[in-house]
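Participant: mind folding the following:
(one chain, ligands or ions: 1)
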Amino acid sequence: MRAFVIGNIALDETYSIAALPQAGASIFGEQASRSLGGKGCNQAIVLARCGVETTLVAAVGTDDRAIAIGKSLTREHLTPKLIPVDSATSDISIILTTPDGENSIITTRSAAAALDRDAALDALGDTVSGDLVILQGNLSEETTLVILNAARSKGLTTAFNPSPLQPWFASILPLIDIAVLNRIEAEALTGESGAGAGAFLLRAGVGLVIITLGGQGCVLVSANGAIEVAAAPATIVDTTGAGDCFTGVALASAIRRGVAIDARALEDASRAAAITVGRRGTQDAFPSHEEMMAILRA
Ligand code: ATP
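Facilitator: Now for the predicted structure:
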């Protein structure tokens, strides 16, 4: 099974600040890093570092940022399909982090929103039955629907991480085999929490649901019932990207063993995410290929 992430790619600019600003405030901060980011790109890099054959499809502008993005991607062992869009600017994320490990993120989605149905369908041209398509919340409603419907008719497995939340997500739930979402997203989508939110999503047509609960771990809800897995011990430095790392490793662990997502996949994902939250940054904080292999073989 190969993974096709169709999502967004951005440059991440991370700033350390003492506390999140109040409305109207001007505060000092320090630039901590500038690196590749975007939920689609993050999840693709995690899958690739786990040894899964991964293609990343994402739109960029035709600007300097796109050149920097293309260069940075060559460091990862994945197949990039960057689609240049004249009318868009390449996306950027401004990440604010505080000493207690909290973060707030502002993401542009000019390029991601410009990925149109033809480009999306073209991207699916290389897939064969049994491949996995992974989407997040950054694409337009039309493009997301086109991809999910085409994936269904081609016999692909679909995974969806509904982040950032969009008002139309409820309508696509029957087209999703695997949903991975955090506590806030689960409550917003279902009005329920924990396993109750998972059961709601199953009734709405999702095949299998994973809800991540930060330091409280995660819960897997499927037709076989609910399984809770505790978070791995961690020293918190910066929680940015924990969810993307978790999502990529949970999918990769199951793909590599040729099984549906199970408790072992969540344990592997929790160990990898615990490493991520113990380091500053996003992709720099993800476990390396060697670290991923040690986690997945353990
Ligand atoms: P983010 O937006 O920060 O990337 P998220 O909100 O999507 O993350 P979370 O539920 O916060 O996702 O975290 C995902 C996983 O990361 C958790 O299920 C857990 O395994 C790990 N994790 C997050 N916070 C902690 C923590 N404080 N201690 C240990 N593990 C953690």
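Participant: residue in the chain nearest to the ligand?
Facilitator: Closest to the ligand within the chain is residue 243: 2.1 Å, counting by Cβ to the nearest ligand atom. C-betas here are computed from N, CA, C, even on glycine.
Participant: what's the spacing between the helix or strand where that residue lies and its chain's center?
Facilitator: Element membership of residue 243 [criterion: DSSP states H and E] is helix 242-257. Taking Cα atoms, centre = their mean, to the nearest Å, one finds helix 242-257 lying 10 Å from the centre of the chain it belongs to.
Participant: next up, phi/psi of the closest residue to residue 193 other than its chain neighbours, please.
Facilitator: Of all residues not flanking residue 193 in the chain, residue 187 sits nearest, at 5.5 Å (Cβ to Cβ, 6 or more residues apart in numbering). Per-residue torsions, residue 187: phi -70, psi -40 (degrees, to the nearest 10).
Participant: ok, now residue 198?
Facilitator: According to degrees, to the nearest 10, residue 198 has phi -60, psi -40.
Participant: distance of it relative to residue 154?
Facilitator: Distance, residue 198 to residue 154, using Cβ to Cβ, to the nearest Å: 27 Å.
Participant: between those two, which one's more packed in?
Facilitator: Between residue 198 and residue 154, counted using other Cβ atoms under 10 Å, residue 198 has the larger neighbour count: 26 against 15.
Participant: what's the angle from the helix or strand where residue 184 lies to helix 242-257?
Facilitator: If you go by DSSP H and E, residue 184 is part of helix 183-190. If you take axes from the mean of the first three to the mean of the last three Cα atoms, to 10 degrees, helix 183-190 sits at 80 degrees to helix 242-257.
Participant: so after the least confident helix or strand in the chain by mean pLDDT, what's the next helix or strand?
Facilitator: Every helix and strand of the chain was ranked by mean pLDDT, DSSP states H and E. The lowest is strand 103-107, at a mean of 85. Using DSSP H and E, the helix or strand that directly follows strand 103-107 along the chain is helix 110-113.
Participant: send me the helix or strand that that next one is followed by as PDB with only the CA atoms.
Facilitator: Using DSSP H and E, the helix or strand that follows helix 110-113 in sequence is helix 117-123. Taking Å, rounded to 0.1, in the frame of the first residue of the first chain, the C-alpha atoms of helix 117-123 are listed here in PDB:
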ATOM      1  CA  ARG A 117     -10.600  19.500  -9.300                       C
ATOM      2  CA  ASP A 118      -8.600  18.800 -12.400                       C
ATOM      3  CA  ALA A 119      -5.200  18.900 -10.600                       C
ATOM      4  CA  ALA A 120      -6.700  16.700  -7.800                       C
ATOM      5  CA  LEU A 121      -8.000  14.100 -10.300                       C
ATOM      6  CA  ASP A 122      -4.700  14.200 -12.100                       C
ATOM      7  CA  ALA A 123      -2.900  13.500  -8.800                       C
END
